[in-house]
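**Q** 3D model of this:
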Amino acid sequence: MNIASLQPIATAIACERNVRDVLKMIVNGLVDQHRVALARIWLLDKGDICTTCRMRDECFNQEVCLHLAASAGFPRHSKEDWSRLDGKFQRFPVNARKVGRIAATGEPMLLNDVLENDRWIMHPDWAKREGISSFAGQPLIFRREKLSVLTIFTREPFPEQDMICLRSFADHAAVAIANARAFEEIERLKEKLELENRYLREEINAQFAFGDIIGESAAMKKLLRQIQMVAPTDANVLIQGESGTGKELIARAIYENSLRNHRPFIKVNCASVPRELFESEFFGHTKGSFTGAIRDRAGRFQLADGGTLFLDEVGEIPLELQSKLLRVLQEGEFERIGDEHSRRVDVRVIAATNRDVKGEIVAGRFREDLYYRLSVFPVEAPPLRDRKDDIGLLASYFLQQSCRRLNCLAKLTEHDVKVLQSYDWRGNVRELQHVIERAAILSQGGRLRFEGMLNSNTGKAIVDRTAEEIRIEKPLLTKEEMKQRERQNIIAALGKSNGKIYGAGGAAELLNMKPTTLASRMRVLNIEKLGNR
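**A** Reported below is the predicted structural model:
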C-alpha cells in the first residue's frame, strides 16, 4: 500500500456529495489494495439498539456508539457476505474492543500477528480460517471532531510505513465525509426552503376568508378560552364544525399563540389530494420509487418538522393510510415511499372536519384509535345561527373589506343587521361574507339591498343567481333537461381547467364540489376526462 495506489480513491471520494456513496467507495477501494481482506467504517452516532446490543455490558454511555456504515471484503474459505451491515459487529460501544478504543482515544492501532493478540481478537478461529495476519485502524477526524473509525484486516503483515499512508488517506476520507454531509444538509435545507416558499405563496394567493376571529357572543368567548388554554401546549387538536364556520382560522389562532409559532405552519387539504397520492403527499418519496417520481420529494410531515401540521378535512383520509398516520402520531417516525430508512419528526397536528367522526367510526370508515389520538383536545366551531349576536360585527367587517376592494361606499344600518339576523345562515360565516360582498356590488347611493338574496322560507341566502334571474321567472325544466344542463356545465368546467379535476384551479373547485362527488357525477353522466376524449 502506498500513496500512489490510494490517490485515485482520494480523488474520487472528494467529488462525491452523498455520504453513503463516499463510504462505499472508501471500503471498496481499500479491498482492491494488495493484501487487504476486509475494510470497514463505523460512524459515531446516537445509540439506537441498546436493548439488543451484544456488547451492552461493555457500554458505559448509551447516548453514543459506533454504527457499522460500510463494509467490503473477499472471504477465502466461506460464502459469507462481508458487505452486510447487520451482523454481530453492527454496533460497537465507544472504548470497547479495538474499534471502540480507537474512537475513544483518537489514536491509530496496528496489530501484526493477530493470532498472538488474544486480547484483541474476539474470533481467532475466523482469523485463522481466513488467513488474517494483521489489523490496522485509523480514526477519521475533521476539525478536531471524531467522525468515524476506519479499519482493515490484511492477509500479510502490515508494515509500519504503510500506517503513514493509511493515516494520510484517513485524513482525505474524513474531509470527504464531512463535505458530503455538508452537501446533504445544504440540499435538505434548500429543498425545505423551496417547499416552505411554495406553500407560503399558495397561502398568500389563497388569502384568508375571514381575517381575524371576530365575535363577542357567549359561544365565541367560550371558543377563545379554549384556544387560550390549548395553544401553549403540544396537544393535538381536533376542530369539528359545519362548513364555513372558520375551522382553519381557529387552527391558525392556536398556532399563532403556541410555542411553535416561529416554525412552519403547513396546511394539507385532505379533500383535494388524489387517493393514490396521499402517502407521497404526507411522507414524501425517493427518486424512481414509482412512475413519475423524477426526484426526491419531502412530504408535509418532514416540512412541518418542529412546527404545526394542519390536516383540513381529515375525514377524507383513506382508511388504509390512517394506520400510517397513526404511527407518525404515536412514534414520531415515518418512511418516504421507496426509502428503507425511518425519519424522525416532531410535529404538532391540528385536524379539522365537518363530518360526524363518531358516526364514521361506527360505519368503519375512520379508525377509533386515530380519532382519540387526534382529539386530545376537541374544539367545536359554533355555527353562525348559534352566535347571531356576532352577525353585526361580522357584516361590518366584511363590508369594510368589500368596499375597500371594490372602491365603493356603502353603509350598514340597524335595520340591515336585523334583516341578516332573521336568517339561519346554513352556509355560516362564509355565506354571510358572500352576501355582504354581493350587496356591496349592487348597492345604490350607499344603501345596501338584500332583496332577492335571502330566502324567507329556508333562511338560506340565494347567492348563485343574478338580480336579473331573480326578477324574471324562468321556465321549468324536465328531469332530462336538467341532466343535460348539468352535463354541459361539468364539461365547461373541465374545459376551463384543462381537464384537471383535483386541487387548486381544478373543475371540482370551480364547481364548488368535492372531487369525489364530481368524479361520481361524471360516471353517471358518462363524461370522460378530456385526455381520453
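**Q** From here on, just use CA atoms for contacts and neighbour counts.
**A** Noted.
**Q** I'd assumed I41 was in a helix, is it?
**A** No: I41: not assigned to a helix; according to DSSP: H, G, I helix; E, B strand; the rest coil it is strand.
**Q** Quick check: chain neighbours aside, which residue is closest to it?
**A** Leaving aside its sequence neighbours, I41 sits nearest to L150 (C-alpha to C-alpha, 6 or more residues apart in numbering; 4.7 Å).
**Q** How about L420?
**A** Spatial nearest neighbour of L420, chain neighbours left out: I391 (7.2 Å); criterion: C-alpha to C-alpha, 6+ apart.
**Q** What about C403, how many residues nearby?
**A** Using other C-alpha atoms under 10 Å, C403 is surrounded by 17 other residues.
**Q** tell me the contacts of it?
**A** Shown in contact with C403 (C-alpha atoms under 8 Å, 6 or more residues apart in numbering): 409-410, 440.
**Q** Save the residues you listed as CSV, and put in neighbour count and distance to L44 too.
**A** As requested, the contacts of C403 are exported to CSV (neighbours: other C-alpha atoms under 10 Å; distance: C-alpha to C-alpha, whole Å):
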residue, neighbour count, distance to L44
L409, 18, 69
A410, 19, 69
A440, 26, 67
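**Q** Format those as a markdown table; extra columns: secondary structure.
**A** Shown next, in a markdown table, are these (three-state DSSP):
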| residue | secondary structure |
| --- | --- |
| L409 | coil |
| A410 | coil |
| A440 | helix |
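**Q** Tell me the one of these nearest A182?
**A** Distances from A182 to the contacts of C403, taken as C-alpha to C-alpha, are shortest for A440 (56.6 Å).
**Q** how about that closest one, what does it touch?
**A** A440 makes contact with 399, 402-403, 408-410, 448, according to C-alpha under 8 Å, 6+ apart.
**Q** which one of these sits closest to M163?
**A** Nearest to M163 among the contacts of A440, counting by C-alpha to C-alpha, is S402 at 78.3 Å.
**Q** just the strands in the stretch 201-350 of the chain please.
**A** 237-240, 265-269, 284-285, 297-298, 308-312, 333-334, 343-344, 348-353 (DSSP state E, counting those that start in this stretch).
**Q** The stretch 401-533 of the chain too?
**A** 454-455, 460-461.
**Q** Which of the ones you listed comes out lowest on mean pLDDT?
**A** Among the strands of the stretch 401-533 of the chain, strand 460-461 has the lowest mean pLDDT, at a mean of 51.
**Q** quick one: low-confidence parts of the stretch 201-350 of the chain?
**A** Along the stretch 201-350 of the chain, segments meeting pLDDT under 70 span 201-212.
**Q** and with 50 instead?
**A** 205-211 (pLDDT under 50).
**Q** Just the helices from it, written as ranges.
**A** Along the stretch 201-350 of the chain, counting by DSSP state H, counting those that start in this stretch, helices occupy 218-230, 247-256, 278-283, 300-303, 319-331.
**Q** Of these, flag the one that's most buried.
**A** Of the helices of the stretch 201-350 of the chain, the one with the most neighbours on average (mean count of other C-alpha atoms under 10 Å) is helix 300-303, at a mean of 24.
**Q** what residue ranges in the chain score low on pLDDT?
**A** Counting by pLDDT under 50, the chain contains low-confidence residues at 205-211, 456-459, 462-473, 531-533.
**Q** and whatever residue is furthest in space from the centre of it, what does it touch?
**A** Farthest-out residue of the chain from its mean C-alpha position, per C-alpha atoms, centre = their mean: E116, at 54.6 Å. Residues counted as contacts of E116 (C-alpha under 8 Å, 6+ apart): none.
**Q** What segments of the stretch 51-200 of the chain are helices?
**A** 97-105, 124-130, 160-206.
**Q** Can you list the buried residues in the second one?
**A** If I follow you right, that is helix 124-130. Within helix 124-130, the residues scored as buried using 16 or more other C-alpha atoms under 10 Å are 124, 127, 130.
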